[in-house]
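1. take a look and give me a structure for this.
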Amino acid sequence: MALDLPRLTHPDGTPVRVLVVDDEPLLAQMVGMGLGMLGWSVRTAHDGETAVAEAREFRPDVLVLDVMLPGCSGVEVLERVHAFDPEVPALFLTAKDSAEDRIMGLVAGGDDYVTKPFNMEELMLRLHRLVHRSGAARADHAELVVGDLVLNRDTREVTRAGRAVELTATQFELLRYLMENPRRVLSKPQILERVWGYDFGGQTNIVELYISYLRKRVDAGHEPMIHTVRGAGYVLRPAAGA
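-> Below you'll find the model as predicted:
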């Protein structure tokens, strides 16, 4: 995906929480996948009553609400959620030709809307801005640091123990994903989806190949940081003493 947004996290480092509510499960899943690629924690619901229950338990930082829902409308969902969480921002999904739905949503306390069918990158950008403006999360600094390994998102420079590490564009994206999730085991499908995109075709053997490339550049001459967890995936950990 071409969109490259600064990663948002809570002050304690935990991910942004988003609740996506739409009565079309495939659409909700598609939106959830896109936001998952931003590192956000996603839950979905397909009717109004479930949405309210999920919001009460999950306490999302932002809501994505279809206006037309079974049980109760998206507008009613927002009103009920605002009764116990008045500050949570919301973006409404509305029918292309329904100005009335858009006005109702904004009057009810919605912060933004997009019309169906929508562009996924536009939706992600609007949600990113909503969460950032709300103050619930902050943008990460340009540099990622794990042990003696440093990656700068802006300059795309990487160093290990102060020495430059030359990487291709794909190797850089793979390392960035590992460094954004230190000590977390990432499966091959997760890596494939994040680095190569959901439509790459499921060829997880390419993940093995690029992990091998990355090890030769990052770990060569150093204590290894990139580890294989058999049957589970890969994890990046600081080297001992780094």
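2. per-residue pLDDT of residue 1, please?
-> In this model, residue 1 is scored at 43, pLDDT.
3. would you confirm that residue 106 contacts residue 113?
-> Yes. Between residue 106 and residue 113 there is a contact at 7.2 Å, judged by CB atoms under 8 Å. (C-beta placed from N, C-alpha, C; glycine too.)
4. okay, and the common contacts of the two?
-> Common contacts of residue 106 and residue 113 (CB atoms under 8 Å, 6 or more residues apart in numbering): residue 92.
5. please say which of those two ends up with more neighbours.
-> Comparing residue 106 with residue 113 by other CB atoms under 10 Å, the one with more neighbours is residue 113, at 19 against 15.
6. wouldn't the more buried one be in contact with residue 94 here?
-> Yes. Using CB under 8 Å, residue 113 is in contact with residue 94, at 5.3 Å.
7. need the three-state assignment for the residue lying closest to residue 237 once chain neighbours are set aside.
-> Nearest residue to residue 237, sequence neighbours excluded (CB to CB, 6 or more residues apart in numbering): residue 183, at 5.5 Å. Counting by DSSP: H, G, I helix; E, B strand; the rest coil, the backbone at residue 183 sits in coil.
8. next: residue 190.
-> Under the three-state scheme (three-state DSSP), residue 190 adopts helix.
9. ok, now which ones touch it?
-> Residue 190 neighbours (CB under 8 Å, 6+ apart): residue 233.
10. now the one 5 residues further on
-> The contact partners of residue 195, taken as CB under 8 Å, 6+ apart, are 170, 173-174, 177, 207, 210.
11. how close does the residue nearest to residue 130 when sequence neighbours are not counted sit to residue 227?
-> Computed as CB to CB, 6+ apart, the closest residue to residue 130 that is not its neighbour in sequence is residue 89, at 4.6 Å. Distance, residue 89 to residue 227, using CB to CB, to the nearest Å: 39 Å.
12. who has more neighbours, those two?
-> Each of residue 89 and residue 227 has its neighbours counted (other CB under 10 Å); residue 89 has more, 20 against 13.
13. okay but residue 123 is in contact with residue 34, surely?
-> Yes. Using CB under 8 Å, residue 123 is in contact with residue 34, at 7.3 Å.
14. right, and the pair among the contacts of residue 195 with maximum separation?
-> 173 and 207 (12.0 Å; CB to CB).
15. so these two - more neighbours on which side?
-> The neighbour comparison of residue 173 against residue 207 (other CB under 10 Å) goes to residue 207, with 21 against 18.
16. isn't the more buried one right up against residue 192?
-> Yes. Under the criterion of CB under 8 Å, residue 207 makes contact with residue 192 at 5.7 Å.
17. any weak-confidence spans in the chain?
-> 1-4, 11-12, 96-99, 101-102, 105, 107, 139-142, 198-202, 241-242 (pLDDT under 70).
18. any chance you could map the helices in it?
-> Ranges of helices in the chain, per DSSP state H, are 25-36, 48-58, 74-84, 99-107, 120-134, 169-180, 188-191, 205-218.
19. and those as TSV, adding distance to residue 148?
-> As requested, the helices of the chain are exported to TSV (distance: least, CB to CB, whole Å):
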stretch	distance to residue 148
helix 25-36	30
helix 48-58	37
helix 74-84	45
helix 99-107	50
helix 120-134	31
helix 169-180	12
helix 188-191	23
helix 205-218	10
